[in-house]
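**Q** Fold the stuff below for me.
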Amino acid sequence: MASTRKPTFKPAADSGRENKGRPAGGSPESVISAQRSVEPSPKNGPDNVIAFPEPKGKRKRRLLLWTFAIVTAFVAVLITGAIYSPVLAVRTITVDGTKLLTPEDVQKALTAVEGKPLPQVSGQEVNELLKPLVQVRSATVEARPPSELLVHVNERVPVALLKQGDTFVMVDVDGVQLGATQDQSAVALPLIDAGAGATNTGLFKAIAAVLNTLPADVLARMSTASAASPDAVELKLVDGKTVVWGNAEDKELKAKALEALLKMPPDPKVPVNVYDVSVPRHPFTK
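**A** Model (predicted):
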C-alpha cells in the first residue's frame with residue numbers, strides 16, 4: 001500500500017540569511033528569498049565621465065591672452081610712472097628757428113614748464129605760453145629724455161616797413177608789428193608809403209600780399225611799394241627802376257616772371273627803366 005506522507009523541504013541551517021519582511025502567518029518552509037547587493041556609484045563621479053584632452057589651439061589662445069594682459073598692464077604701469085616721474089622733469093629748454101627773437105626770449109617765456117615731466121608738456125601749452133611774443137607764428141616741441149625739451153619756432157616773416165614818426169616798424173603780411181628801427185637802411189625791406197600806412201586798409205593788404213610772394217633776394221632789392229588801388233600795385237627798386245605789378249592775381253606767376261627779368265644781363269644799348277609783369281605770361285621791359 002502506497003505511503004500518504006507529503007514530502008517536506010527544510011532550508012539549510014547555515015544559509016545565514018534573515019527573512020525580513022516576511023508576511024504575517026508565513027512559514028519558513030513556504031518562502032524562498034534571494035538577494036543581490038550592488039554598490040551604488042557616486043552620481044557624476046569619475047567612473048561615469050570620459051575626460052577629453054583640451055585642444056592645443058584653445059590652450060595657446062588662452063596663454064596668448066594672459067600674456068597680452070600681463071604685458072599691457074606692465075606697459076601701463078611704465079607709462080603712468082613716466083608721466084609723473086621727476087626723473088623726466090624738464091631741466092633744459094633748447095630753441096631753434098629764431099631770427100627776430102633770441103633763444104633767451106623764448107626760454108624766458110617758457111619758464112612755467114621747467115621742472116614739469118616731459119610727457120606732460122604739450123605743443124598746445126607751449127604755444128599758449130608763447131602768445132605774448134608776437135613774432136612767433138607757431139611752435140612745435142620735441143622731447144629728448146631724460147630732461148631736454150626742444151622747441152622749434154616758426155616766426156612771422158616781415159615783408160615791409162611802415163613809418164611811424166621817426167621810427168620804422170617791421171610788419172608781416174597780416175600787418176602784425178614785429179619790431180622797430182630808426183635806421184631804414186639797417187633793414188632790407190621796402191617802405192610802404194603813407195597812403196597805405198594803415199594795416200587794416202585794402203591797399204595795405206594788396207601790397208603786403210604782393211611782397212609776401214617775392215623771393216627773399218628779390219624783396220631785398222625793393223625800396224618802396226605803393227598802390228593807387230588794389231588793382232594797381234607798383235614797386236620801386238633800390239636802383240630807381242619801377243615794377244608794374246597790377247592786381248594781386250597770379251602772384252606766384254608774376255613773382256617768377258619778375259625774378260627772370262631781373263636776372264637778364266643788362267644791355268647798355270637798351271637801358272631798362274620799367275619791368276612790367278602785370279600780364280605774367282607776356283612780361284616786358286621798357
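**Q** Please give me every residue in contact with Val136.
**A** Val136 sits next to Leu101, Val106, Leu130, Val153, Asn154, Glu155, Arg156 when contact means C-beta atoms under 8 Å, 6 or more residues apart in numbering. For every residue, glycine as well, the C-beta is placed using N, CA and C.
**Q** again with Ala232
**A** Ala232 makes contact with Gly246, Asn247 under the criterion C-beta under 8 Å, 6+ apart.
**Q** That one and Phe284, how far apart?
**A** 17 Å (C-beta to C-beta, to the nearest Å).
**Q** And for Asp239?
**A** The spacing between Asp239 and Phe284, counted by C-beta to C-beta, is 19 Å.
**Q** neighbour-wise, which of the two wins?
**A** Phe284 (14 against 8; other C-beta atoms under 10 Å).
**Q** and the more buried one, bridged to which residues?
**A** Using DSSP bridges, the beta-bridge partners of Phe284 come out as Asp276.
**Q** thought it was touching Asp276?
**A** Yes: with contact defined as C-beta atoms under 8 Å, Phe284 and Asp276 form a contacting pair (5.4 Å).
**Q** Need the residues touching each of those two.
**A** In contact with both Phe284 and Asp276: no residue, using C-beta under 8 Å, 6+ apart.
**Q** Do you know the pLDDT at the one residue sitting closest to the centre of the chain?
**A** Nearest to the mean C-alpha position of the chain, by C-alpha atoms, centre = their mean, lies Gly123 at 9.5 Å. Looking at Gly123, its pLDDT reads 95.
**Q** mean confidence score for stretch 254-261?
**A** On average, stretch 254-261 scores 96.
**Q** Off-centre distance for it?
**A** 38 Å (C-alpha atoms, centre = their mean, to the nearest Å).
**Q** repeat for stretch 199-213
**A** 34 Å.
**Q** Pull the residues that contact it.
**A** So stretch 199-213 is contacted by 157, 159-160, 162, 171-175, 190, 192, 195-198, 219, 222, 225-227, 229-231, 233, 235, 245, 247-248, 251-252, 254-255 (C-beta under 8 Å, 6+ apart).
**Q** quick one, helices of the protein?
**A** Along the chain, counting by DSSP state H, helices occupy 56-84, 103-109, 123-129, 202-213, 216-219, 251-262.
**Q** Identify whichever of those lies nearest to Thr167.
**A** For these, proximity to Thr167 was assessed by C-beta to C-beta; helix 202-213 is nearest, at 17.6 Å.
**Q** Next, the angle from the closest one to helix 251-262.
**A** Relative orientation of helix 202-213 versus helix 251-262 (axes from the mean of the first three to the mean of the last three C-alpha atoms, to 10 degrees): 60 degrees.
**Q** With adjacent residues omitted, what lies nearest to Gly123?
**A** Nearest residue to Gly123, sequence neighbours excluded (C-beta to C-beta, 6 or more residues apart in numbering): Val141, at 5.1 Å.
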